[in-house]
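Enquirer: Provided below for reference: sequence and predicted model.
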Amino acid sequence: MKKSIKYTLFSLLVALSLISCNSGESLQTYFVDHQESPDFVTADIPTSIVKLDEATLTEAQKEAYNSVQRLNFLGYKTNDANVVTYTTELAKVKTILNDVKYTELLEFSDSGNKFIVKYLGDDDSAEEVVVFASSKEMGFGIVRILGNNMRPEQMATLVDAVQNADFDESQFQEITDFFK
């Protein structure tokens with residue numbers, strides 16, 4: 001009798017662990033799976049390439065800027081020969097980003113380019129902010145912004161400051177060459 005109870009409990013634990021495992025692909029695994037592919041370009045972008053005059057930042061912008069630790073970029077360039085693959089990869093990324101665990105901050109289109117900004121976390125603290133851009137002519141790019149105690153509303157205010165910032169353009173050379 002005790003043996004059958006142990007067997008039943010063990011079976012339940014195994015079943016629960018299998019059910020709780022997420023079989024869906026995450027954005028992190030998508031990055032890892034495609035970082036060595038010749039059709040993709042990846043880059044780890046240090047936050048030091050963005051030079052902000054901290055004296056001009058609001059307290060919320062300073063806090064947001066200091067909460068960002070690193071940025072990861074993954075891009076896919078489309079051309080006439082890979083339209084089918086592009087469509088497949090684009091669908092995979094959209095499926096990942098449509099997961100309920102991502103909260104949308106912003107979505108807009110401009111001149112045939114689509115931009116989506118989402119975050120992973122709750123209203124008080126984002127673990128990851130994702131910027132996704134796609135264009136039929138160019139391809140798509142994903143930036144994962146990783147940090148500690150990132151607040152979604154502060155990240156939105158940081159965008160204004162970053163638009164006027166100086167960038168070390170040599171850090172982006174590999175990315176811009178890839179999309180030429």
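Expert: Here it is on my side, so go on. Bear in mind the structure is a predicted one, so any value in this text is a computation, not a measurement.

Enquirer: show me where this protein has its strands.
Expert: 40-46, 50-51, 68-77, 102-110, 113-121, 126-135, 139-150, 166-167 (DSSP state E).

Enquirer: looking at those strands, which has the lowest confidence?
Expert: Within the strands of the chain, confidence is poorest for strand 166-167, with a mean of 56 (mean pLDDT).

Enquirer: and residue 124, how far from residue 94?
Expert: 27 Å (Cβ to Cβ, to the nearest Å). In short, each C-beta sits where N, CA and C put it, glycine included.

Enquirer: between the two, point out the one with more neighbours.
Expert: Shown here are residue 124 and residue 94; by other Cβ atoms under 10 Å, residue 94 has more neighbours (13 against 9).

Enquirer: what pLDDT does residue 98 get?
Expert: 94.

Enquirer: and it, backbone torsions?
Expert: With angles defined as degrees, to the nearest 10, residue 98 sits at phi -80, psi 0.

Enquirer: turn the strands of the chain into CSV, including mean neighbour count and distance to residue 88.
Expert: Rendered in CSV, the data for these read as follows (neighbours: other Cβ atoms under 10 Å; distance: least, Cβ to Cβ, whole Å):
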stretch, mean neighbour count, distance to residue 88
strand 40-46, 16, 13
strand 50-51, 14, 33
strand 68-77, 18, 10
strand 102-110, 12, 21
strand 113-121, 18, 17
strand 126-135, 20, 13
strand 139-150, 19, 12
strand 166-167, 10, 32
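
Enquirer: nearest to residue 83, out of the ones you listed?
Expert: Closest to residue 83 of the strands of the chain is strand 139-150 (Cβ to Cβ; 10.6 Å).

Enquirer: with just CA atoms, put the closest one into PDB.
Expert: Taking Å, rounded to 0.1, in the frame of the first residue of the first chain, the C-alpha atoms of strand 139-150 are listed here in PDB:
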ATOM      1  CA  GLY A 139      14.600  42.900 -42.600                       C
ATOM      2  CA  PHE A 140      14.100  43.000 -38.800                       C
ATOM      3  CA  GLY A 141      16.100  43.800 -35.700                       C
ATOM      4  CA  ILE A 142      15.600  43.100 -32.100                       C
ATOM      5  CA  VAL A 143      17.200  44.900 -29.200                       C
ATOM      6  CA  ARG A 144      17.000  43.400 -25.700                       C
ATOM      7  CA  ILE A 145      17.700  46.000 -23.000                       C
ATOM      8  CA  LEU A 146      18.800  44.300 -19.900                       C
ATOM      9  CA  GLY A 147      19.300  45.800 -16.400                       C
ATOM     10  CA  ASN A 148      18.300  46.000 -12.800                       C
ATOM     11  CA  ASN A 149      15.200  47.700 -11.400                       C
ATOM     12  CA  MET A 150      14.200  49.200 -14.800                       C
END
